[in-house]
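Visitor: Sequence and predicted structure below; questions after.
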Amino acid sequence: MSDKYFENALSNFMNDFAVGGSIRHLADNGFTVKEIHARLDFPIPVSKVSEAVWKHFIETGIIRLSEPDEEAFTEKVSFVKEQDSFGRTSFRRVTEKIKNPETTYFPCDFGKMLYKDKTGFEKKLEVLSTRDKDYILGLPWPLQTVWHIADERMTRILSKLLSR
């Protein structure tokens, strides 16, 4: 049990060290999971890229797992480097509460729709461009409603899906 846990933790650390920054940077620049995976030189499974993008989107507020609240706060975590009287260096975790900016979010049930009828859901997505379809299918949507920031991409996707 502990060997598997250690191997998994080490694998996650190696993947994040090797390509984590690249994945986050490419995701921030609008690349889909499929496009990110194609650009990486380090061998990493698509599922790991998908998980990393999903985690990044949650941490940055692009996707929220709970309904956005106008008075909600996000915790910003940073680390402060400190030295003690003997010259030993340590890092102290500092959390800061930041008021969420007033942003519009769309509720998304893609995980439920995909689970309920995968073939029917993929057929619905045919009205989308290849990149938009890859964006939706590349993320690990949970079986619950999540809220996606109302950016240009999601506005375009939902307007095409709802006009069908």
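Guide: Ah, there it is. Nothing here was measured: the structure is a model prediction, and the numbers come from that model.
Visitor: how about the strands of this protein, start to end?
Guide: Remark: strands assigned in the chain by DSSP state E are 63-64, 73-83, 89-99, 105-108, 146-149.
Visitor: so what's the most centrally placed residue in the chain up against?
Guide: Central residue of the chain (C-alpha atoms, centre = their mean): W54, 2.1 Å from the mean position. Neighbouring residues of W54 by C-beta atoms under 8 Å, 6 or more residues apart in numbering: 63, 139-140. Bear in mind the C-beta positions are built from the backbone N, C-alpha and C, glycine included.
Visitor: hang on, the earlier thing: rebuild the strands of the chain as JSON lines, extending it with distance to G120.
Guide: Formatted as JSON lines, those follow (distance: least, C-beta to C-beta, whole Å):
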{"stretch": "strand 63-64", "distance to G120": "23"}
{"stretch": "strand 73-83", "distance to G120": "36"}
{"stretch": "strand 89-99", "distance to G120": "41"}
{"stretch": "strand 105-108", "distance to G120": "17"}
{"stretch": "strand 146-149", "distance to G120": "20"}
